[in-house]
Each structure stands twice: as C-alpha cells, then as structure tokens.
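Participant: The following comprises the amino acid sequence and a computationally predicted model.
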Amino acid sequence: MKRILAKFLPFVFLIALVAVLSATVEDFATTYTLGIVLRFTAVFIIMGVGMTFVIISGGIDLSIGAVLAFSSIIVAWCAAAGWPLWVAFPVGVITGTLWGALNGLMVVGLRLPPFVATLASMGMARGLATVLAKKLSAGTSVDVPGNEFRWLADGTVFGQIPLPVVVMVAVVALGYYVLNHTRLGRYTFAVGSNVEAARYSGIPVGRYKLMVYALLGTLAGVAGMIEASINSGGQATLGKEYELRVIAAVVIGGASLNGGVGTILGTVTGALIMGVISTASILIGLQYEWELVVISVLIVTAVAFDTFQRRRAGA
Amino acid sequence: MTEPPATPLLQMRAIDKRFPGVHALDHVDLEVRAGEVHCLLGENGAGKSTLMKVLMGVYRADAGQILLDGQPVHIGHPHQALAHGITMVFQELNLVPVLSVAENVFLGIEPLLFGPLGVVDWRTLRRRTRETIERFGFPLDPGTIVDRLSRAQQQLVEITKALVVQSRVVIMDEPTSSLSLEETEQLFGIIRRLRDAGVAIIYISHRLEELQEIGDRVTVMRDGKRIYTGEVATTDLKTMIRHMVGRELTDMYPKEPVPIGAERLRVEGLRARGGRVRDVSFSVRAGEIAGIAGLVGAGRTELAEAIFGVTPLEAGRIVVDGTPRSFRSPHDAIAAGLGLLTEDRKRTGLLLNLPVTHNTTVAALGRLLRGFHLPLGEERRVTMDFVGRLSIRTPSVRQLTIRLSGGNQQKVVLAKWLFAQSQILIFDEPTLGIDVGAKVEVYRLLGELARQGAAILMISSDLPELLAMSDRILVMRRGELVAELDARQTDQEETLRYMALGADPDFAAPPASAAATTTNGSPA
C-alpha cells in the first residue's frame, strides 16, 4: 500500500501543484498555458525517455545537451549545403545515435565510469559543435533562412497540436512499450538491478549497455532537430544544462540512480513538474535563479525520499 | 522445561511484532542463561532474525519485555544493546574492506583521546585488538587490510568485534556458513571458552548436527511462534525437524534410481584462473548426478565458472553432447544448454529489486517473445506455474525477490534454470543457507531433473547431502581432481581423506571402498 502510494507520489504532487497554481496565479489555468508547458517540456520529455533507460541500466549521461547542440549544427550544415530536408534531418538524428554509441563504447569498451566518459564526451561535443559553427559562419550559430527549415517547429497536426508535442507523445508511447514489453527493456532493468547476476543469466551486458546509450543519443538527436527547427538553424550553445534538467526529471519521477528502478510515466511527470514550475515562474515574474533553487530543492527531496524508501525496504 | 537455577541472564517475554501483512513474532518467549549455548532453530521466515533484531534494538517490538538479570531494560537502538553487553556476529559480513582488522573491530566504538575532540586512540585500539586475537589464538594480524583476508578470516574478524567489548550475550547467526571443517572446530573451541566464562550465546544455524555438538538448549520457532524449548541432549534430531517443519520428514534425501544415458558433458585437461583449476578431466552423463567434493578453496567454484564461460580457459576443452564447444561468456554456455546455479545467490543469482517474474524468465526470455513483443500475461502465467510447482512462498509473482526468504529465493533461481530448460546443470552449494524443508524440495527437484535426462554437477560442502544425492563423487584438492568415487561405495571418511590429503600414495590405498557399511554420519 505504501509502495503504491510512493509510486504515485510524483503524480499526486504534480496535480497538487497545478491545483495550487490555478487557484493562486492569474491566467495559469488556461489552454494557452498548457500549450506553453507542453511545448517547453517536449524536448525534455523526449530526452527523458532515453535517460530513463540509461539510469535504469545503472548509468548516467551528461553529454546529451552538448549532443543536441552538435546535431543541430550538423542538420543546419547539411541544409545550408543544399541537401534536401528529408535527408538532412535523419542525418542529424543519426549523428545523435552515433554519439550515443560512442558514449556506450567508452563505458563498455574502455570500462570508464559513465560519469567520467560522458563528461568528457560533453566537452568533445560542445567543442566540436563550436569549431564547426565557426568554420561555417562567423559566430557560434549556423543559420538556415526560410520557413521550410522550421517545419518541425511550426507544423501542427489537426491544425492544433504542435509537431514537437506529437513527436513527444510518440516517443513516450514507444519508450513505454520498449521498456515494458520488449527484450531491450527487460534487459535494461536486469543490468541495472544486478549486473553480475545479469551476466550469469546470459545477458550480453556490454551490447545492451551500448544500445541504451545509443538510444538516448538518438533521442538527443531528435531533440536537436526540434531545437534547430525552432531556432532556424544550428547553434553551438543550444541545450546548455539540459542534461541536469533531464536527469532531474527522471529522478523526480522516481527512478533510482543506483539502477534497476524507474518508469517512463514517472519521468514524464517529473518533466511536467519542472515545466509547470518554470512556466509559473515566468507568470509570477520569478527570476530564473530562484526557479533554479526551487528545482534543486525538489531534486534533493526526491532523492532523499528514494534513499529513505530503499533503507526501509532493505532492512 | 527445566527449573531455572537462578534468574536467567536474558529473558524476552511475549515479544510481539507485526509487519504489514505478516505477524512476524507472535508473543515469543526466550530465556537464555549465563554460560549456556542456546540454539535458535527454525526455517527461513520463522522469525529468528526478527527476534534477534528486536534484541539488538534494530526493530522495536509492538509488545513484550526484555529483562537482563531480571530487570526490565529498554533497547531502542543497537548502541543501547551494545551498552548492555549484547553483541551480534552477522552471517553476512559487515566489514569495511579497505580498513585494517583493528579498525574494523573498533568501528563505531573507537577509543578516544581528549574526550569530545574525538581523536582516535590508535595505540589502545591496536593493543586491545591484539590482546583479544591472542587470547583466542586467531590467525589474524591487527594491521592487515580486511580485503586481503579469506572469508573465514573475515568471519573471525566479525567474531573479534563481539569479543573486544565485554559481551554478556553474543548472538551468532550462521557463523560457520563460510568456514571449513577445521575452522568450524576452532570456532566451537572459542564458543566453549566464551560459555565457560559465563557468556550467554544464542546460536543460529541450519546445520542441525552442529547444534548437537555445541548446543546446551534449543528453542524452535515456526511461523513467528515459539514451538519448543528443551535440552539438546534429550531432544533428538527427528523431533527438532518435526517442530521446525511442522510435519514428519520421512525421507531427507529422496534419491531415486534413474537410468544413466549418454554422455552430455565432457571436460578435458581444463585449466583456469592461473592454475587454481589444473588439468581437470571428467564427464557427466544424462540422468547422472556427479558430486564435487572439496575443502574451501579447492577450486570447485572456479571449475564451475570456467565451464560456464565466466572465466576463460587457459587450457583444455569442453565437449557438450559430443561437440567441442568454446564458451566466451555465460551467454554462449546457456545457448548450449548449460545452467549454473551460483553459490552466492545475492551477488550472482538474483535481480534482487526486481519481481519474481523477471527473475524466473531472465535466462530464457526468448522462449516468451513473439517477435519483439514480450507478453506479460503469459510471463505471469508461466511464473505462477513455477511458484506452484516449487511451492515458492510469495504473496504474488510481482513480489520483489529481495523480500523473499533465503529458501524461497533459492527456489526462484532454480525456477530460472528450469524455465531455461537447461540440460546440463551445475549446482554450486544449492542448499547453502536454506532451511530443512526447502532443502528436501531442492533434492526432490534434483532427482526430477535427473529423471528427465539432465546431467547434473553438484558442488556441496555438506557431505551427507553430497553422498546421498550423487551417483559419483569427484574430489578436488588444490585445483586438481584427486579421486573419483562411487557414491554408493564410499563414505564420509574416505571422501574427507581425499579432500584433505589428496591421492598421496601413502594415504591413497583406501581400505577397499566396501566401507559403505558405515552409514552416513548424521540423518540431517
């Protein structure tokens, strides 16, 4: 009973937060605000789905914000070079996949701790993105003029729902299915729960770790495409500190940094909580710095709660 | 019950404790006198550990009283237990591997200089550790880093921890589970000395024959209740088992004759782990249970892991069903039909924070998959089937395995290999740390697997079990295979001689293996 309650705690918190804000903040409870929250969180949720896999597998990835920037430069470069968009955008996504696989190789092949491997990889991606941008243009951004490039940012389905939100919903649905109903998802849990027992049970641990990082890289690439489209081009400064927000969403959503525990819907809830706080902060006129403090306190609370639960369960 | 000579040193009265959904302790009484070894018996989940955790102040009882020397005391925290002279030697080692023996012994109770400044008095710490170690003649050096010690030595460090404080009550939870025979004897010597010094010892073990050797009185628990208390000398093993299990165990070792078929696994000139396994050759046939005997450190687990592809072969080859195979990982071995039930189920056997379902199907997920899709309903159904067949006690198949008792955890690991339909099974200490009832069920399952044509390699330090369940005994010593004995023709004595001394020509001439008349040392 208590476990069930703990599982739904993030969701209950989200509902309570929305209720309180609707009652106190003017103009909060509108479809307009809802639209802002969803658009704002779409990119975080997309990457959060991948990060959920990585964290359940017992890993972490700090490079995703930088990978997002790097893939935005690549897609802009391809588009600027005159490639058709239906080639440029997939190339941008695949860039993310490859970068994720590189992270996986460092973790599996070189046996680097994921924290160190992806910290280094973050520097590489950000650095290369900047170098490339400067080579192609004067500054740190590569602009692609024209509205065609903005198809992903401005497009809608049923004339109402923005494409980024559609992509997000698709990624969440697919992520949920893969995590709970496929071999990859099952092995992700197993590896994160007990890597030795997983190996002794015949799971090719290295291969699946690599796949999980590649999956997250792919989703960072997808997020990069959305951001590039929104910004009409690639920017080497995109996605700064996104990794922190994404990890925070996953952790607030109930995943454990020790591995083996986490859910897609928890992550979605975690990201929405942060999205609501950010949006409300803007409406209230709260400074960004204060918003950072609020979110940080939330992370500490979530992790402390998880640790507390774990200690009681493990006795 | 015998009349108490004086006020018992420790009395626990009507201790009651409920966890959500479980009545863990149902008004349990326990009396322990100064200078006695009081054995606490019960299957896993009977409430022994909970009772001891109440005594140690880890759990708070819902009702009941604890009295020391007839005076009620309040124990709300392990520190308070320690202050009353109650210490516990844990079954699972609670040592800090990077610290020295002396540092571990005094962990949390470091002698301090300058009072509140909290500067550790290293000299006193080392001196008192040394004194205690010497007093009991432990083969330990206070300065050694614990990581470098064998498991048996680490166990001695745990015991030293209990001895440096002036303990009046020492709780020992399965202290011999990682000790060799010789080390066990040493430990018993230590226990006797403690007892003679007036310490009350509460001794928990699943090895019933040990209780007969060391115990003065015994209390049996079942389902959270105290069932029986009596003198060990006047209680026979059958009675103890009956009280523990709640029914008569007619046949402890249900070994049935099975026709032996074709050779399924052959190992030739195997060498692994830098020679910790050397030149090992043998074969196992369908329907056969081959037992591997050996002392701690003889290389039995290393052999199993080399065969299973955990560690690479340095020489030799493995032939499965007539085809030479090379396994670079357990993945390859499992694909070839092998299964390894490891010695340490918590470290290498179970996904502890995942449910019974995940653990049951993890080694053969492919059997369930339809294309990409993993049908969860089907998985639940299959798992429920195993829960029924192996009588795994769990409220639901979605229960996390960490919440199951040791015996039930072991059955989940068994279910994993049964689901994988492994045909060549290596069981490394399959009954370690599980209760009598569960043991018999494991034996029955071994028999069933053999009857279905599986080839089974069973490693065990429990000689009566090994002799009763195996068809053949392979004896290992220092990484080598030193003897191959017919289980029906040999006995504990002969097996032990090979385990300890090897095939040295001076000792090898065994008094014609017809010594099978000596029935197994103990019925349990």
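Facilitator: Looks like it came in fine. These figures come from a predicted structure and were not determined experimentally.
Participant: going forward, measure contacts between C-alpha atoms and count neighbours the same way
Facilitator: Noted.
Participant: and chain A, which of its residues are near chain B?
Facilitator: A:181-183, A:186-187, A:189-190, A:193-194, A:196-204, A:260-261, A:314 (CA under 8 Å from any CA of the partner chain).
Participant: at 7 Å what do you get?
Facilitator: Taking CA under 7 Å from any CA of the partner chain, the part of chain A that reaches chain B is made up of A:181-183, A:190, A:193-194, A:196-197, A:199-204, A:260.
Participant: what's whichever helix or strand residue B:135 is part of packed up against?
Facilitator: Assigned by DSSP states H and E, residue B:135 falls within helix B:122-136. Helices and strands in packing contact with helix B:122-136 are listed as helix B:101-105, helix B:151-164; criterion 3 or more CA pairs under 7 Å, 6 or more residues apart in numbering or on different chains; DSSP states H and E.
Participant: State the mean pLDDT of that helix.
Facilitator: The average pLDDT for helix B:122-136 rounds to 85.
Participant: How about stretch B:340-353?
Facilitator: The pLDDT scores in stretch B:340-353 average 92.
Participant: roughly how far is that stretch from the heart of the chain?
Facilitator: 13 Å (CA atoms, centre = their mean, to the nearest Å).
Participant: quick one on the thing from earlier: out of the residues of chain A next to chain B, which is most surrounded?
Facilitator: Counting by other CA atoms under 10 Å in any protein chain shown, residue A:190 has the largest number of neighbours within these, with 32 neighbours.
Participant: which residues sit against the one helix or strand that one maps to?
Facilitator: When secondary structure is defined by DSSP H and E, residue A:190 falls within helix A:183-193. Helix A:183-193 has contacts (CA atoms under 7 Å, 6 or more residues apart in numbering or on different chains) with A:53, A:56-58, A:178-180, A:198, A:205, A:259-260, B:351-353, B:374.
Participant: So which bits of that helix are buried?
Facilitator: Within helix A:183-193, the residues that count as buried by 16 or more other CA atoms under 10 Å in any protein chain shown are A:183-193.
Participant: do stretch B:169-183 as well
Facilitator: By 16+ other CA under 10 Å, the buried positions in stretch B:169-183 come out as B:169-180.
Participant: Go through the residues you listed and say which is closest to chain A.
Facilitator: Using CA to the nearest CA, residue B:173 is the member of these that sits closest to chain A, with 16.0 Å.
Participant: quick one, what contacts that closest one?
Facilitator: B:89-91, B:203-205 are the contacts of residue B:173 under CA under 7 Å, 6+ apart.
Participant: Identify the bridge partners of it.
Facilitator: Residues in a beta bridge with residue B:173, per DSSP bridges, are residue B:204.
Participant: got the CA positions of stretch B:437-444 in PDB?
Facilitator: Below are the C-alpha coordinates for stretch B:437-444, written out as PDB (Å, rounded to 0.1, in the frame of the first residue of the first chain):
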ATOM      1  CA  GLY B 437      12.100 -28.200   4.300                       C
ATOM      2  CA  ALA B 438      13.400 -26.200   1.400                       C
ATOM      3  CA  LYS B 439      16.500 -28.500   1.200                       C
ATOM      4  CA  VAL B 440      14.300 -31.600   0.700                       C
ATOM      5  CA  GLU B 441      12.400 -29.800  -2.000                       C
ATOM      6  CA  VAL B 442      15.700 -28.900  -3.800                       C
ATOM      7  CA  TYR B 443      16.800 -32.600  -3.500                       C
ATOM      8  CA  ARG B 444      13.500 -33.800  -4.900                       C
END
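Participant: for that stretch, what is the average pLDDT?
Facilitator: Stretch B:437-444 shows a mean pLDDT of 88.
Participant: from the middle of its chain, how far away would that stretch be?
Facilitator: Relative to its parent chain, stretch B:437-444 has a centroid offset of 14 Å by CA atoms, centre = their mean.
Participant: now the strands for the stretch 1-150 of chain A?
Facilitator: For the stretch 1-150 of chain A, applying DSSP state E, counting those that start in this stretch gives strands covering A:141-143.
Participant: what does stretch B:319-338 contact?
Facilitator: Identification of contacts with stretch B:319-338 by CA under 7 Å, 6+ apart yields A:199-204, B:263-267, B:308-310, B:312, B:317-318, B:422-425.
Participant: do stretch B:132-141 as well
Facilitator: Stretch B:132-141 has contacts (CA under 7 Å, 6+ apart) with B:160, B:164, B:190.
Participant: before we move on, the earlier item: the inter-axis angle of the helix holding residue B:135 versus helix B:151-164?
Facilitator: Angle of helix B:122-136 versus helix B:151-164, following axes from the mean of the first three to the mean of the last three CA atoms, to 10 degrees, is 110 degrees.
Participant: First-to-last residue distance for stretch B:478-491?
Facilitator: Start and end residues of stretch B:478-491 are separated by 21 Å (CA to CA, to the nearest Å).
Participant: so for that stretch, what's the average pLDDT?
Facilitator: So the average pLDDT for stretch B:478-491 ends up being 91.
Participant: can you check stretch B:454-467 too?
Facilitator: Taken as a whole, stretch B:454-467 has an average pLDDT of 91.
Participant: mind exporting it as CSV, just the C-alpha atoms?
Facilitator: Backbone C-alpha positions of stretch B:454-467 (Å, rounded to 0.1, in the frame of the first residue of the first chain) are rendered in CSV as follows:
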residue,chain,number,x,y,z
ALA,B,454,19.6,-33.8,-17.4
ALA,B,455,23.2,-34.1,-16.5
ILE,B,456,23.9,-32.6,-13.1
LEU,B,457,27.1,-31.5,-11.5
MET,B,458,26.6,-30.7,-7.8
ILE,B,459,29.1,-28.9,-5.7
SER,B,460,28.5,-29.1,-2.0
SER,B,461,30.3,-28.8,1.3
ASP,B,462,27.5,-30.7,3.0
LEU,B,463,29.0,-34.2,2.8
PRO,B,464,25.9,-36.3,3.9
GLU,B,465,23.9,-34.4,1.2
LEU,B,466,26.6,-34.9,-1.4
LEU,B,467,27.0,-38.6,-0.7
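Participant: re the thing from before, would you turn the buried residues of helix A:183-193 into TSV with pLDDT?
Facilitator: TSV is the format used below for those (pLDDT from 0 to 100):
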residue	pLDDT
A:183	96
A:184	97
A:185	97
A:186	97
A:187	97
A:188	98
A:189	97
A:190	97
A:191	97
A:192	96
A:193	96
